[in-house]
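Participant: Just a sequence and a predicted model for now, questions to come.
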Amino acid sequence: MEKEIKNVDTVDEQGIGTVQIADEVVAVIVGIAATEVDGVSALDGNITNEIMSKVGMKNIAKGVKVEINNNKVAVDVSLTVEYGYNIPATCAKVQEKIKNTVENMTGLKVTDVNVHISGVEIQKD
């Protein structure tokens, strides 16, 4: 069964056709961008994502929810931060990184980036 690509449909600037981007693609971009920020330990998913990752199926977009309407994107991301990092400053960097990366890669306008901190990871030496 083919996946339905439903949300993003932009007109090609050369007038040759349209470009369609699936929600899952934007979610993966968000997941990668968030984990590139110093102080972010991991993205957090629901119990299904945790079980799937234990059996070898990794989902880079776990803990990411993306809503796209009229070429505008709203993002919710849930993550764990590393102990010792300033949480508000780290969240601000995550928001900026996600907004810039999604807008640069997709041409969509990011209206919201909501960051939810679900835990703090203490590094063991």
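Facilitator: Ah, there it is.
Participant: And for T90, the neighbour number?
Facilitator: Residues within reach of T90, counting by other Cβ atoms under 10 Å, total 19. Any C-beta I mention is one placed from the backbone N, CA and C, and that applies to glycine too.
Participant: Could you grab the helix/strand/coil label for it?
Facilitator: helix (DSSP: H, G, I helix; E, B strand; the rest coil).
Participant: I'd say it and V40 touch.
Facilitator: Yes. Using Cβ atoms under 8 Å, T90 is in contact with V40, at 6.7 Å.
Participant: K109 against N70, yeah?
Facilitator: No. Under the criterion of Cβ under 8 Å, K109 makes no contact with N70, lying 9.0 Å away.
Participant: out of the two, which sits in the more crowded spot?
Facilitator: Neighbours were counted for K109 and for N70 using other Cβ under 10 Å; K109 has more, 12 against 8.
Participant: who touches the residue nearest to V120 when sequence neighbours are not counted in this structure?
Facilitator: Leaving out its chain neighbours, the residue that sits closest to V120 by Cβ to Cβ, 6 or more residues apart in numbering is Y83, at 5.3 Å. Residues counted as contacts of Y83 (Cβ atoms under 8 Å, 6 or more residues apart in numbering) are 120-123.
Participant: Dump those residues into TSV; add neighbour count as well.
Facilitator: Formatted as TSV, the contacts of Y83 follow (neighbours: other Cβ atoms under 10 Å):
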residue	neighbour count
V120	13
E121	12
I122	9
Q123	8
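Participant: Count the residues that sit near Q20.
Facilitator: 12.
Participant: And for D23?
Facilitator: By other Cβ under 10 Å, neighbour count at D23 equals 20.
Participant: Can you tell me the number of residues neighbouring the nearest residue to T90 once chain neighbours are set aside?
Facilitator: Nearest non-adjacent residue to T90, counting by Cβ to Cβ, 6+ apart: G39, 4.1 Å away. G39 has 17 neighbours, counted by other Cβ under 10 Å.
Participant: likewise V28?
Facilitator: 16.
Participant: cool, the one 5 residues further on as well?
Facilitator: With neighbours defined by other Cβ under 10 Å, the count for A33 comes to 24.
Participant: how near is it to G15?
Facilitator: For A33, the distance to G15 (Cβ to Cβ, to the nearest Å) stands at 31 Å.
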